[in-house]
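Q: structure for the following, please:
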Amino acid sequence: MLAITILIYYRQVFMPKIILGLDPGLADTGYGVIKVVGPKVTCLAYGSIKTAAGLDLVDRLDELHQQLDKIIKKYHPQIAAVEQLFFNKNVRTALIVGQARGVLLLTLRQNKLPVFDFTPAQVKLAVTAYGQATKLQVQKMVKMVLNLKEIPKPDDAADALAIALCALNSR
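A: Sure thing, here's the model as predicted:
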(Lines give C-alpha, C1' and ligand atoms only; values in the text may rest on other atoms or scores of the structure.)
Protein backbone atom coordinates (compact mmCIF):
# COMPACT_ATOMS: atom_id res chain seq x y z
CA MET A 1 0.00 0.00 0.00
CA LEU A 2 2.85 2.39 0.81
CA ALA A 3 4.42 1.69 -2.59
CA ILE A 4 1.18 2.66 -4.34
CA THR A 5 0.95 5.87 -2.31
CA ILE A 6 4.55 6.74 -3.17
CA LEU A 7 3.94 6.04 -6.87
CA ILE A 8 0.84 8.25 -6.91
CA TYR A 9 2.73 11.04 -5.13
CA TYR A 10 5.65 10.69 -7.56
CA ARG A 11 3.34 10.94 -10.56
CA GLN A 12 1.57 14.00 -9.15
CA VAL A 13 4.79 15.82 -8.31
CA PHE A 14 7.35 14.75 -10.90
CA MET A 15 5.49 13.64 -14.03
CA PRO A 16 5.48 16.39 -16.63
CA LYS A 17 2.23 18.24 -17.04
CA ILE A 18 1.60 20.33 -20.12
CA ILE A 19 -0.96 23.11 -19.92
CA LEU A 20 -2.40 25.02 -22.88
CA GLY A 21 -3.72 28.54 -22.28
CA LEU A 22 -5.96 30.31 -24.80
CA ASP A 23 -6.99 33.94 -25.15
CA PRO A 24 -9.94 33.85 -27.59
CA GLY A 25 -10.34 36.16 -30.54
CA LEU A 26 -11.38 35.91 -34.16
CA ALA A 27 -8.56 37.92 -35.75
CA ASP A 28 -5.99 36.77 -33.15
CA THR A 29 -6.29 33.93 -30.66
CA GLY A 30 -3.35 33.87 -28.31
CA TYR A 31 -1.95 30.54 -27.22
CA GLY A 32 0.64 29.60 -24.64
CA VAL A 33 1.98 26.19 -23.71
CA ILE A 34 3.77 25.57 -20.42
CA LYS A 35 5.39 22.45 -18.99
CA VAL A 36 5.42 21.71 -15.28
CA VAL A 37 7.76 19.19 -13.67
CA GLY A 38 7.67 19.33 -9.89
CA PRO A 39 8.22 22.95 -8.91
CA LYS A 40 9.79 23.91 -12.26
CA VAL A 41 7.66 25.69 -14.87
CA THR A 42 8.93 26.31 -18.38
CA CYS A 43 7.48 27.83 -21.53
CA LEU A 44 7.29 25.42 -24.46
CA ALA A 45 5.64 27.73 -26.98
CA TYR A 46 3.51 30.79 -27.47
CA GLY A 47 2.06 32.74 -30.32
CA SER A 48 -1.10 33.81 -32.05
CA ILE A 49 -3.48 32.05 -34.39
CA LYS A 50 -4.42 34.66 -36.97
CA THR A 51 -7.33 34.57 -39.37
CA ALA A 52 -7.59 36.81 -42.43
CA ALA A 53 -10.17 39.58 -42.25
CA GLY A 54 -11.08 39.04 -45.92
CA LEU A 55 -12.42 35.51 -45.31
CA ASP A 56 -16.03 34.95 -44.36
CA LEU A 57 -16.82 34.10 -40.74
CA VAL A 58 -17.27 30.35 -41.26
CA ASP A 59 -13.89 30.05 -43.01
CA ARG A 60 -12.18 32.02 -40.24
CA LEU A 61 -13.73 29.80 -37.58
CA ASP A 62 -12.63 26.71 -39.52
CA GLU A 63 -9.07 28.09 -39.75
CA LEU A 64 -9.09 28.69 -36.00
CA HIS A 65 -10.18 25.08 -35.43
CA GLN A 66 -7.54 23.64 -37.79
CA GLN A 67 -4.67 25.65 -36.30
CA LEU A 68 -5.63 24.89 -32.69
CA ASP A 69 -5.90 21.20 -33.54
CA LYS A 70 -2.32 21.30 -34.92
CA ILE A 71 -1.05 22.95 -31.72
CA ILE A 72 -2.75 20.29 -29.59
CA LYS A 73 -1.31 17.47 -31.72
CA LYS A 74 2.18 18.99 -31.51
CA TYR A 75 2.36 19.66 -27.74
CA HIS A 76 -0.06 17.07 -26.29
CA PRO A 77 -1.35 19.15 -23.36
CA GLN A 78 -3.09 17.35 -20.48
CA ILE A 79 -5.32 20.32 -19.63
CA ALA A 80 -6.44 23.55 -21.26
CA ALA A 81 -7.58 26.89 -19.88
CA VAL A 82 -9.60 29.50 -21.74
CA GLU A 83 -10.33 33.06 -20.71
CA GLN A 84 -13.99 33.93 -20.35
CA LEU A 85 -15.37 36.74 -22.44
CA PHE A 86 -14.87 40.23 -21.17
CA PHE A 87 -18.07 42.27 -21.40
CA ASN A 88 -17.81 44.39 -24.49
CA LYS A 89 -19.85 47.49 -25.29
CA ASN A 90 -19.84 46.46 -28.94
CA VAL A 91 -22.36 43.60 -29.03
CA ARG A 92 -21.35 42.53 -32.54
CA THR A 93 -17.71 42.12 -31.48
CA ALA A 94 -18.72 40.21 -28.36
CA LEU A 95 -20.87 37.82 -30.41
CA ILE A 96 -18.08 37.15 -32.91
CA VAL A 97 -15.51 36.54 -30.16
CA GLY A 98 -18.06 34.28 -28.48
CA GLN A 99 -18.28 32.22 -31.66
CA ALA A 100 -14.48 31.94 -31.80
CA ARG A 101 -14.44 30.88 -28.15
CA GLY A 102 -17.06 28.24 -28.92
CA VAL A 103 -14.85 26.81 -31.67
CA LEU A 104 -11.92 26.69 -29.24
CA LEU A 105 -14.00 24.87 -26.62
CA LEU A 106 -15.31 22.37 -29.17
CA THR A 107 -11.80 21.68 -30.50
CA LEU A 108 -10.55 21.09 -26.95
CA ARG A 109 -13.46 18.75 -26.24
CA GLN A 110 -12.85 16.83 -29.48
CA ASN A 111 -9.29 16.29 -28.25
CA LYS A 112 -10.64 15.06 -24.89
CA LEU A 113 -8.96 17.80 -22.88
CA PRO A 114 -10.28 18.93 -19.52
CA VAL A 115 -11.10 22.63 -19.89
CA PHE A 116 -10.94 25.31 -17.21
CA ASP A 117 -12.54 28.76 -17.55
CA PHE A 118 -11.14 31.88 -15.93
CA THR A 119 -12.26 35.49 -15.83
CA PRO A 120 -9.71 38.20 -16.61
CA ALA A 121 -9.70 39.16 -12.91
CA GLN A 122 -8.97 35.57 -11.86
CA VAL A 123 -6.03 35.44 -14.27
CA LYS A 124 -4.63 38.73 -12.98
CA LEU A 125 -5.03 37.59 -9.39
CA ALA A 126 -3.34 34.24 -10.02
CA VAL A 127 -0.37 35.75 -11.83
CA THR A 128 0.19 39.04 -9.97
CA ALA A 129 -1.74 38.54 -6.70
CA TYR A 130 -3.78 41.64 -7.63
CA GLY A 131 -7.07 41.29 -9.49
CA GLN A 132 -6.89 44.81 -10.96
CA ALA A 133 -3.34 44.51 -12.32
CA THR A 134 -2.48 46.28 -15.54
CA LYS A 135 -1.69 44.41 -18.74
CA LEU A 136 1.99 45.40 -18.37
CA GLN A 137 2.14 44.09 -14.78
CA VAL A 138 0.73 40.73 -15.93
CA GLN A 139 3.19 40.58 -18.83
CA LYS A 140 6.17 41.31 -16.56
CA MET A 141 5.10 38.58 -14.15
CA VAL A 142 4.69 36.08 -17.00
CA LYS A 143 8.21 36.97 -18.18
CA MET A 144 9.62 36.56 -14.67
CA VAL A 145 7.79 33.35 -13.70
CA LEU A 146 8.67 31.63 -16.97
CA ASN A 147 12.23 33.03 -16.96
CA LEU A 148 11.85 34.51 -20.45
CA LYS A 149 14.32 36.97 -21.93
CA GLU A 150 11.58 39.37 -22.98
CA ILE A 151 7.86 39.95 -22.60
CA PRO A 152 6.04 37.60 -24.99
CA LYS A 153 4.59 39.20 -28.10
CA PRO A 154 1.93 39.63 -29.30
CA ASP A 155 -0.10 40.65 -26.25
CA ASP A 156 -2.58 37.83 -26.91
CA ALA A 157 0.24 35.29 -26.48
CA ALA A 158 1.35 36.85 -23.18
CA ASP A 159 -2.27 36.72 -22.01
CA ALA A 160 -2.52 33.06 -23.03
CA LEU A 161 0.60 32.20 -21.01
CA ALA A 162 -0.93 34.02 -18.03
CA ILE A 163 -4.10 31.93 -18.47
CA ALA A 164 -2.00 28.74 -18.49
CA LEU A 165 -0.26 29.89 -15.29
CA CYS A 166 -3.66 30.60 -13.75
CA ALA A 167 -4.68 27.01 -14.50
CA LEU A 168 -1.48 25.78 -12.86
CA ASN A 169 -2.15 27.83 -9.73
CA SER A 170 -5.79 26.70 -9.61
CA ARG A 171 -5.23 22.96 -9.81
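Q: neighbours around F86, how many?
A: Residues near F86, counting by other CB atoms under 10 Å, number 11. In this view, the C-beta of every residue, glycine as well, is placed from N, C-alpha and C.
Q: got the contact list for it?
A: The neighbourhood of F86, defined by CB atoms under 8 Å, 6 or more residues apart in numbering, consists of P120.
Q: going forward, begin numbering at 33 instead of 1
A: Let's use 33 as the start, then, which means that last one is F118.
Q: quick one: it from A161, how far?
A: Using CB to CB, to the nearest Å, we find F118 at a distance of 20 Å from A161.
Q: D149 now?
A: Relative to A161, D149 is positioned 21 Å away (CB to CB).
Q: point to the residue nearest the middle of the protein.
A: G53 (0.9 Å; CA atoms, centre = their mean).
Q: now do the helices in this structure.
A: 34-46, 89-107, 123-142, 152-160, 167-177, 187-202 (DSSP state H).
Q: deepest of those helices, which one?
A: Ranked by average neighbour count under the criterion mean count of other CB atoms under 10 Å, the helices of the chain are headed by helix 187-202 at a mean of 25.
Q: any low-confidence regions in this structure?
A: 33-47, 119-120, 203 (pLDDT under 70).
Q: in contact with the closest residue in space to L100 that isn't next to it in sequence, which residues?
A: Once its chain neighbours are removed from consideration, L100 has its nearest residue in T139; the separation is 4.7 Å (CB to CB, 6 or more residues apart in numbering). By CB under 8 Å, 6+ apart, the contact set of T139 is L96, H97, L100, D101, I104.
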